[in-house]
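Asker: sequence first, predicted model second:
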Amino acid sequence: MKEFLEGSKAIAEIVKFCKPGVISAYPITPQTHIVEELAQIVADGKLNAQFVNVESEHSAASTVLGSVACGVRSYTATSSQGLFLMAEVLYNISGMRFPVIMTTAARAISAPISIWNDHQDVVSLRDSGWIQFHAENIQEAVDLHLIAYKLGEDKSIMLPVMVCIDGFILTHGVETVNMPSQEDVDKFLPPYNPPYKLDVKNPLTLGPLVDPEFYTEARFALNETHKEALELIPKITLEFSKVFGRNYNGLIESYQVKDAERVIVAMGSVCGTIKEAVDELRRKGRKVGLLKITSLRPFPVSQICEALKTIPKIAVVDRALSMGSFAPLASEIKAVFFGKLKKPKIISSFIVGLGGRDITKESIKEIFRLLTGKEKQGEFIDLKPELLKESYE
Amino acid sequence: MKEIRIHARAGQGAITTASLLGYAYFLKGMYPYAFPSFGAARMGAPMNAFVRVDSNPVRSRSQIYEPDYLLIVDHTLIRGFNCFSGLKDDGVAIINAKDDTLEVLKLMAKQRIFIVPANEIALKHIGRPLGNTTMLGAFCAVTEELTLDNLNSAIEHRFNQKLQEVNIKAAKEGFDYVRSASL
């Protein structure tokens, strides 16, 4: 049914339909509305779940680790510094192969403090072993949560999934969403039935100390599972489209790429603005396009290669930095084509929209303008040089 | 596509205003995207809320720099900001103020400004100086994009019964105020 919903509320509603038995979270801007709404849903008796209030994000992550270990579907959400406080536990969750589903309201990181949106928090967790999805709009955010549970809990996968949605832009944005029915969700998502769980009758040790004889294989297996997830995601999205009628590739989305001469690669809500800019430039005869990355982990290397190998010029848009090196997404896109014979001539890298600096259609057009025959490395868009002149002395 | 920018201070209900407006458009079968932008993220600090609305789903996520319509919930903001920045040549601004207290800048030929004593009207009906629904009533009258019925349905969707009644009255008076002023 079509509804006009705030992103946070829509996510809380879809989580309710997924029927987690345990929810634990610590409020942090801009994730707060999601967990407030879920706490209300549980208090109103609309969801038979335990909402565990905790004193920190570290405890929230530990709580859902414990509850999934006991075989109970679980959910948490966080943002920015809260995600960092969780970090130690997040590696344990993936290492122990527990399909926790978490919403991260992507936000800048301290210092200086910023509550506004970019991707520095989530992108820095790319090596945590979690599957990581990025949503363009509220509809996609809702749908990716269903796909996340289905994927993470698949017996061949058993991995946690992080659904990243841009803070404020999507968490506090209100738009038309086609909300699925409980019946359809039940059709798509069976109850959680894990192959292993903590049970006093059948004692089991999870995540123990292993000596060098075993550790490498555990990590190898986790890495292999990410490759298997790459194969499974398109199958799940196909099943999703049969139940809900919305089509996703789940890995990437190509928008006006086929005959394009210049293509931007990006993630998250900015892809909407880029599509608008692409349409405007196309009307003027410019052959431009967008490649949207939905799945940052696993990283769909061959799909990206296939989509972009004949495109002369690529601009990678990062909303995060890797200080002292290439921007994170840019370095991965470059890696995709390293050593390939057929590849873009130019792969330029641009940094945009840190700490909530607005990304306008003009910012996007500026990126296309700067995407010339000379490769750009980590070029900042909308930088204010006058602010750089201020000094302490 | 129409773009609406709301100027207010945090705590004055600008987000509620944007989502009421969005919901009213939604009821007409349009695709609105309502969203806030906080300044200092503190109560009383200047902030904006926006509504971008189209007959197709809205994809653009940037803030609004060239609005068709402006709603200025707190006229004291005009002192420190150019609230009218980027207003379209045929744009409309609705300002919550008593008209004798306000100096308004010169307009382009087709731009229109409406001053509505929304806080006074709200005080009368709601008992608190929250002029948002009054201004939305004025918005319906001025723009003719939404009917008062659309707005009332949005108010009914949002508020409990007691608040519905008083806000619907406040919206009606905002509507009538502008209608009678422009006759």
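Answerer: Noted; the coordinates are in hand. Numbers count the residues shown, from 1 in each chain, chains lettered A, B, ... in the order given.
Asker: which residues does residue A:18 contact?
Answerer: Residues counted as contacts of residue A:18 (C-beta atoms under 8 Å, 6 or more residues apart in numbering or on different chains) are A:73, A:75, A:101, A:145-146, A:149, A:185, A:189. Where C-beta positions appear, they are placed from N, C-alpha and C, glycine not excepted.
Asker: got phi/psi on the closest residue to residue A:290 other than its chain neighbours?
Answerer: Residue nearest to residue A:290 in three dimensions, not counting chain neighbours: residue A:255, with 4.2 Å by C-beta to C-beta, 6 or more residues apart in numbering or on different chains. The phi/psi pair for residue A:255 (degrees, to the nearest 10) reads phi -120, psi 110.
Asker: my guess is residue A:255 contacts residue A:275, does it?
Answerer: Yes - contact criterion C-beta atoms under 8 Å: residue A:255 and residue A:275 qualify, at 5.6 Å.
Asker: any common contacting residues for these two?
Answerer: Counting by C-beta under 8 Å, 6+ apart, the residues touching both residue A:255 and residue A:275 are residue A:290.
Asker: tell me which residues form a beta bridge with the closest residue to residue A:347 other than its chain neighbours?
Answerer: Sequence neighbours aside, residue A:314 is the residue nearest to residue A:347 in space, at 4.7 Å (criterion: C-beta to C-beta, 6+ apart). Applying DSSP bridges to residue A:314 yields these beta-bridge partners: residue A:263, residue A:347.
Asker: quick one: what helix or strand has the residue in the stretch 151-300 of chain A that chain B sits nearest to in it?
Answerer: Residue of the stretch 151-300 of chain A nearest chain B, by C-beta to the nearest C-beta: residue A:272 (3.6 Å). Per DSSP states H and E: residue A:272 is located in helix A:270-283.
Asker: CA atoms of the next helix-or-strand element following that helix as CSV?
Answerer: Next helix or strand after helix A:270-283 toward the C-terminus (DSSP H and E): strand A:288-293. Extracted in CSV, the C-alpha atoms of strand A:288-293 (Å, rounded to 0.1, in the frame of the first residue of the first chain):
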residue,chain,number,x,y,z
VAL,A,288,26.5,10.7,-19.5
GLY,A,289,25.4,8.1,-17.1
LEU,A,290,25.5,6.7,-13.5
LEU,A,291,26.6,3.4,-12.1
LYS,A,292,25.1,3.0,-8.6
ILE,A,293,26.8,0.6,-6.2
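Asker: now strand A:288-293 against helix A:270-283, angle please.
Answerer: Counting by axes from the mean of the first three to the mean of the last three C-alpha atoms, to 10 degrees, strand A:288-293 lies at 160 degrees to helix A:270-283.
Asker: what strands line up against strand A:288-293, and which way round?
Answerer: strand A:252-255 (antiparallel), strand A:262-266 (parallel).
Asker: contacts for the first one next, please.
Answerer: Outside of strand A:252-255, the residues within contact range by C-beta under 8 Å, 6+ apart are A:136, A:271, A:274-275, A:278, A:289-295, A:300, A:303-304, A:307.
Asker: buried set for it?
Answerer: Buried residues in strand A:252-255, defined by neighbour count with 16 or more other C-beta atoms under 10 Å in any protein chain shown: A:252-255.
Asker: count of neighbours near residue A:389?
Answerer: 7 (other C-beta atoms under 10 Å in any protein chain shown).
Asker: and it, how far from chain B?
Answerer: 24 Å (C-beta to the nearest C-beta, to the nearest Å).
Asker: with pLDDT as extra columns, can I get the buried residues of strand A:252-255 in a markdown table?
Answerer: Shown next, in a markdown table, are the buried residues of strand A:252-255 (pLDDT from 0 to 100):
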| residue | pLDDT |
| --- | --- |
| A:252 | 98 |
| A:253 | 98 |
| A:254 | 98 |
| A:255 | 98 |
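Asker: can you give me the helices in chain B?
Answerer: Taking DSSP state H as the test, the helices found in chain B are B:14-27, B:77-80, B:118-126, B:132-143, B:148-158, B:161-182.
Asker: the fourth one close to chain A?
Answerer: In other words, helix B:132-143. No - applying C-beta under 8 Å from any C-beta of the partner chain, one finds helix B:132-143 separated from chain A by no less than 15.2 Å.
Asker: list the buried residues for the least confident helix or strand in chain B by mean pLDDT?
Answerer: Least confident helix or strand of chain B, by mean pLDDT, DSSP states H and E, is helix B:77-80 with a mean of 88. Neighbour-count burial for helix B:77-80 flags B:77-78 (criterion: 16+ other C-beta under 10 Å).
Asker: packing partners of it?
Answerer: Judged by 3 or more C-beta pairs under 8 Å, 6 or more residues apart in numbering or on different chains; DSSP states H and E, the packing partners of helix B:77-80 are strand B:2-9.
Asker: what's the angle from the strand it packs on to helix B:132-143?
Answerer: Strand B:2-9 runs at 150 degrees relative to helix B:132-143, counting by the same axes, to 10 degrees.
Asker: and strand B:2-9, anywhere near chain A?
Answerer: No - figure legend: strand B:2-9 not in contact with chain A (C-beta under 8 Å from any C-beta); closest approach 12.3 Å.
Asker: quick one on the thing from earlier: ok, now which ones touch the residue nearest to residue A:347?
Answerer: Residue A:314 touches A:262-265, A:308, A:333, A:344, A:346-348, A:371, counting by C-beta under 8 Å, 6+ apart.
Asker: for whatever residue of chain B ends up closest to chain A, give its distance to residue A:270.
Answerer: Nearest residue of chain B to chain A, counting by C-beta to the nearest C-beta: residue B:59, 3.6 Å away. Counting by C-beta to C-beta, to the nearest Å, the gap from residue B:59 to residue A:270 is 10 Å.
Asker: good, wrapping up.
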